[in-house]
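*Asks:* no sequence on hand, only this structure:
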Ligand code: NDP
């Protein structure tokens, strides 16, 4: 590793999930960091954490490296700020979404790179505090200085990604955006609704709501299995389950993967690659459609049973 951000200023725009984690990692690792945020409770929190807070435009103008950690849907409102970057500055995104789907224009004078953690902000902070790194996808979208990728890697190093256990994988804004959305539209989306269907089948067969919920996800076993998949591997983690469980999973699992399901996965990928999902979400944003979907999801038998159980367990007031 040759490039370093020592002696350069990093401006972190936004102090939310990723902004707070990355700013604190940079501060602890001895880098010059300022936060750009509106004047509100997030700005106060950053000041309480000992960081200098400027408004978003001033922070952006002051950074050699400007890291955009505002929510994806908010970033287009700051188009003028990103349009003002100068030669010598590097604009870093943590998500490929807005540039991949042409929702945002940026200055043509600066470098534009991707440093996208494959991890929640809480994990980015927690791992680095434990002296461990984390995975990043990196890409250069605009390479004016011919040093864009070196700067992207130097940013990964500065934020702690290359501590032991961490890695950067070369990607592109488009690939990162499509991969992220593909995960959300496939296993994450189906898992939620699959668990709801399991709850319906179990409770209609006479099993109590409480026993069904605890078995399906409320006990936390699902989280343990998820962590074991990440740590040991998809099939290797099965060694942690009983032999009866292993036999059941390996014989029953493949039956769910039908030709129709594979076609559905391909259709999801096509809708991402041709931009139709981005257009659909762009048209739905701000119309109240998401709030309506959320309201309907919170008024289902599984959500109502969960409310009762989680009160008994003290997880909800
Ligand atoms: P958050 O939703 O946590 O960002 C909140 C921050 O954005 C706060 O500082 C908030 O300040 C500010 N903000 C919100 N609305 C506005 C607004 N209208 N104008 C100005 N500031 C605003 O974002 P994330 O950290 O979740 O995401 C940041 C980026 O990181 C995104 O590109 C995302 O895709 C990417 N990413 C996120 C991950 C995660 O862990 N969530 C994982 C990997 C990538 P305030 O409202 O006080 O102004």
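*Replies:* Looks like it came in fine. Source: prediction; values computed, not measured.
*Asks:* helix/strand/coil for residue 162?
*Replies:* coil (DSSP: H, G, I helix; E, B strand; the rest coil).
*Asks:* list the contacts for the spatially closest residue to it that is not a sequence neighbour?
*Replies:* Nearest non-adjacent residue to residue 162, counting by CB to CB, 6 or more residues apart in numbering: residue 133, 5.3 Å away. The way it works is simple: take the backbone N, C-alpha and C, and place the C-beta from them, glycine included. Neighbouring residues of residue 133 by CB atoms under 8 Å, 6 or more residues apart in numbering: 127, 160, 161, 162, 163, 164, 165, 166, 167.
*Asks:* neighbour-wise, which of the residues you listed leads?
*Replies:* Most neighbours among the contacts of residue 133, by other CB atoms under 10 Å: residue 161, with 28 neighbours.
*Asks:* so for that one, what's the pLDDT?
*Replies:* With respect to pLDDT, residue 161 scores 98.
*Asks:* do you know how far it is from residue 137?
*Replies:* As judged by CB to CB, to the nearest Å, residue 161 and residue 137 stand 11 Å apart.
*Asks:* over to residue 197?
*Replies:* 33 Å.
*Asks:* can you tell me the element residue 169 falls in?
*Replies:* Using DSSP states H and E, residue 169 sits within strand 167-170.
*Asks:* what residues does that strand touch?
*Replies:* Contacts of strand 167-170 (CB under 8 Å, 6+ apart): 115, 133, 135, 136, 137, 138, 139, 152, 153, 156, 161, 162.
*Asks:* do you know the pLDDT at the closest residue to the ligand within the chain?
*Replies:* Going by CB to the nearest ligand atom, the ligand is nearest to residue 16 of the chain, at 2.0 Å. Model confidence at residue 16, given as pLDDT, is 97.
*Asks:* I'd say it and residue 74 touch.
*Replies:* No. If you go by CB atoms under 8 Å, residue 16 and residue 74 don't touch, sitting 9.9 Å apart.
*Asks:* anything in contact with each of residue 161 and residue 137?
*Replies:* Common neighbours of residue 161 and residue 137 (CB under 8 Å, 6+ apart) are 115, 168.
*Asks:* the nearest residue to residue 86 once chain neighbours are set aside: which element?
*Replies:* Spatially, and ignoring its direct neighbours in sequence, residue 86 is nearest to residue 109 (5.7 Å; CB to CB, 6+ apart). Here residue 109, judged by DSSP H and E, is contained in no helix and no strand.
*Asks:* residues in contact with residue 109?
*Replies:* Per CB under 8 Å, 6+ apart, neighbours of residue 109: 85, 86, 87, 89, 144.
*Asks:* average pLDDT for stretch 262-270?
*Replies:* 98.
*Asks:* for this protein, which residues are neighbours of the ligand?
*Replies:* Within the chain, the positions near the ligand by CB under 6 Å from any ligand atom are 14-19, 37-38, 40, 42, 69-72, 74, 77, 94-95, 116-117, 120-121.
*Asks:* out of these, list just those in helices.
*Replies:* Members of the residues of the chain next to the ligand lying in helices (criterion: DSSP state H): 17, 18, 19, 42, 121.
*Asks:* what is the burial count for the residue nearest to the fourth one when sequence neighbours are not counted?
*Replies:* The shortest distance from residue 42 to any residue that is not its chain neighbour, by CB to CB, 6+ apart, is 4.4 Å, and that residue is residue 15. A total of 29 residues lie near residue 15 under the criterion other CB under 10 Å.
*Asks:* ok, now residue 182?
*Replies:* Neighbour count for residue 182, taken as other CB under 10 Å: 16.
*Asks:* which residues of the stretch 151-300 of the chain fall in helices?
*Replies:* 173-183, 189-204, 209-213, 221-232, 243-252, 259-273, 276-284, 289-297 (DSSP state H, counting those that start in this stretch).
*Asks:* just tell me which of these ends up closest to residue 317.
*Replies:* The closest of those to residue 317 is helix 209-213. By CB to CB, the value is 18.5 Å.
*Asks:* so where is this protein shaky, pLDDT-wise?
*Replies:* Counting by pLDDT under 70, the chain contains low-confidence ranges at 1-2.
*Asks:* how does the protein divide into domains?
*Replies:* The record's domain parsing of the chain by automatic domain parsing lists 2-171, 181-312.
*Asks:* how close does residue 49 get to residue 125?
*Replies:* Residue 49 is 11 Å from residue 125, by CB to CB.
*Asks:* neighbours of the residue nearest to residue 237 when sequence neighbours are not counted, how many?
*Replies:* Ranked by CB to CB, 6+ apart and with sequence neighbours excluded, the top spatial neighbour of residue 237 is residue 228, at 3.9 Å. Residues lying near residue 228 (other CB under 10 Å) number 17.
*Asks:* hang on, residue 228 packs against residue 240?
*Replies:* Yes. Assessed by CB under 8 Å, residue 228 is found in contact with residue 240 at 5.7 Å.
*Asks:* which residues do those two both contact?
*Replies:* With CB under 8 Å, 6+ apart, residue 228 and residue 240 have no common neighbours.
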